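>>> Got a sequence here, can you model it:
(chains A and B)
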Amino acid sequence: MFSRIRLIMWDTFLDVARHKMLAVHLVFVCIAIGLFNLFGHFSTTPSLEYRMIQDVGLSIISLFGFLIALFIGSTTLRDDIQRKTIYAVLTLPMGRWELYTGKFLGTLLAAVVNVLIMLGILTGLLYIKFGIIWTGFQWVALFMLLEFAIMTGMVLLFSLTNSLIVCFSLSIFCVLLGNMAEHVKHLAFEADIPLLSFATDVVYWLVPNFGYFNIKYKILKDLAVSPSFAMWAIGYAGCYLFFLLVAGSWALNKKDL
Amino acid sequence: MSELLVAEEITKVIGWWKKETIVDRVSVNLHAGEIIGLLGPNGAGKTTTMKMILGLTSITSGKARMFGKPVPTPASRIGAGFLPESIQHPDHLSVEEYLKFHARLSGVSDSEAAIEEQLRQVEMLEYRHRLLKDCSKGMRQRADIARLLLRKARLIFLDEPFSGLDPCGQVMLKKLLLMLKEQQIGILVNSHAAGILADVCERVCIMNKGKVVISDSLEALTRTPETLVAAQFSSREAAVKFVEETRTGISRIVEPDRVEFNFADATGLNEFLQRLLSSGGQLIEVTPVRLTLDQLFVKVLAAQKSPAAGGRA
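Numbers count the residues shown, from 1 in each chain, chains lettered A, B, ... in the order given. Predicted coordinates:
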């Protein structure tokens, strides 16, 4: 069972890496090098230039990370169904959940490696230009990985819907709401209309709160990230990913192929 | 013969609001070493029937068992293999890598030796290092059959395996199916290629609009009550004279001194033969007339279109 999951995970990762990630990384490297040249002209001091590059670099990684999560999450299973390669696997004496878990872990691995490579490129370029080792790198990496793992898992779940447009719309909607989760919670609290209050409460609990993973402002201001906060974020992401895995396995099991 | 597959009145209904029955109470039994052909127009429900049996699509009602295990449990699929229509293989893999992946997924021990053995069986050993994208459709079909044999599939489902194959590919695949049959592998093949099915199948199910319209052995299905009698005469004149004197059957002179008579049934056949022999004619052959599977298919569909003509062929 576990060897099958591992095999599917590795195959999925290689499939994603071969087709999609390389191109994204090339584009990212070009943008990052462009940033370094651009901010050299605008900033008055090297430390300001360093901060600006860090800030914009992280924002671009966030954007690219989301795009790649959207791209690989929405195509991995869908492509297999369209190419009918999924039939060759699902007619083996194995549960659909095994296939889904393998795909889930494979896409997560691809998303994680993707973010790590982009962060590595940014850190490397910062070191080359300023000679400084980015001390907050491990925290940024950890929180971004958790965030993109959830995004990828969510898109993979939505990719089981019959339409790519529905998958994209739901994913973007959830990512937007997830970034505004605290506002949603506040709205639920403030709403006088019971139905609206209930609905916003449900949305708040269903949609992941991406606010837990946003530590960019702390990094940019050199504020420390407490290990307890990190543990909370890891626990939250773990629970959410498990929920996504169970929901996806159930949905695939119910799907007529 | 052991029974590999039993499907009893399996039905598939789709749609949330507007329900539509796409497979309606289909029953199929398949034994070891038997090839059954599912024949039908597009949208007849052939592929859905296969998918239901394989657990790819849920069964709305009815029951199916493979190897005695209820569908769709994973245990029922041990020993079953599926070759879908126009599967798009991973282009970056060679034939051997593709089989290796599936061998590992199926838990085949000593996969190297098993792959070599199966590639030899499907006559693909010399192409083992060729990329799948560089293989012809026939070669990819054979690689896929090797994939099924790797895991020792005893029941194989083939969905339109002949479509897109050139005549050589069709002959090769046909040969391969007959070889698998000799190995006591049961095969359910779904195809439009009635001519080829007739060469490989013992039994045929004709489906239309989700229902099995007719299902029987090929021998029984293609049999007709008609009989063809061929006779030889000493001269053309003798032949013409006999034809003019005889009102039985439909006659046509195929050669100057040879005549063929087609009898709608066997009534009066003995009397006719006696008269033929006494008039100096020489009996060449008496053969029952058989339909080709193509003719049967068209006849069955035509009968379906005009219910007044009867629902069964």
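
>>> Name the residue of chain A that lies nearest to chain B.
Nearest to chain B, among the residues of chain A, is residue A:83, at 3.8 Å (Cβ to the nearest Cβ). The C-beta positions use only the backbone N, C-alpha and C, and glycine is treated the same way.

>>> which parts of the stretch 151-257 of chain A sit against chain B?
Neighbours of chain B within the stretch 151-257 of chain A, by Cβ under 8 Å from any Cβ of the partner chain: A:254, A:256, A:257.

>>> quick revisit: from residue B:279, how far out is the residue of chain A closest to chain B?
69 Å (Cβ to Cβ, to the nearest Å).

>>> again with residue B:226
Taken as Cβ to Cβ, the span from residue B:226 to residue B:279 is 23 Å.

>>> Residue A:89 too?
Distance from residue A:89 to residue B:279, by Cβ to Cβ: 71 Å.

>>> likewise residue B:228?
With distances taken as Cβ to Cβ, residue B:228 is found 19 Å from residue B:279.

>>> Pull the contacting residues for residue A:252.
When contacts are counted by Cβ atoms under 8 Å, 6 or more residues apart in numbering or on different chains, residue A:252 touches A:77, A:96, A:97, A:99, A:100, A:160.

>>> show me the contacts for the most centrally placed residue in chain A.
Among the residues of chain A, the one closest to the centroid is residue A:148, at 1.4 Å (Cα atoms, centre = their mean). Residue A:148 makes contact with A:65, A:66, A:69, A:111, A:112, A:114, A:115, according to Cβ under 8 Å, 6+ apart.

>>> tell me which element it falls in.
Using DSSP states H and E, residue A:148 sits in helix A:137-158.

>>> hmm, back to that, now, which of the contacts of residue A:252 sits nearest residue B:204?
residue A:96 (32.6 Å; Cβ to Cβ).

>>> What pLDDT does the model give that closest one?
With respect to pLDDT, residue A:96 scores 90.

>>> And the residue in the stretch 51-200 of chain B positioned nearest to chain A, how far from residue B:48?
For the stretch 51-200 of chain B, the residue closest to chain A is residue B:88, as judged by Cβ to the nearest Cβ, at 3.8 Å. Distance, residue B:88 to residue B:48, using Cβ to Cβ: 20 Å.

>>> So between those two, which is more surrounded?
More crowded of residue B:88 and residue B:48, by other Cβ atoms under 10 Å in any protein chain shown: residue B:48, with 21 against 15.

>>> Quick check, residue A:179 in contact with residue A:211.
Yes: here residue A:179 reaches residue A:211: they are 6.9 Å apart, a contact under Cβ atoms under 8 Å.

>>> So, low pLDDT: which residues of the stretch 1-150 of chain A?
Along the stretch 1-150 of chain A, segments meeting pLDDT under 70 span A:19-22, A:25, A:36-37, A:40.

>>> What parts of chain B come near chain A?
Counting by Cβ under 8 Å from any Cβ, the residues of chain B that sit close to chain A are B:14, B:51, B:54-58, B:74-78, B:80-82, B:84-90, B:92, B:101-102, B:104-107, B:144, B:147, B:151, B:157.

>>> if we go to 6 Å?
Residues of chain B lying close to chain A (Cβ under 6 Å from any Cβ of the partner chain) are B:54, B:56-57, B:74, B:77-78, B:82, B:84, B:87-88, B:104-106.
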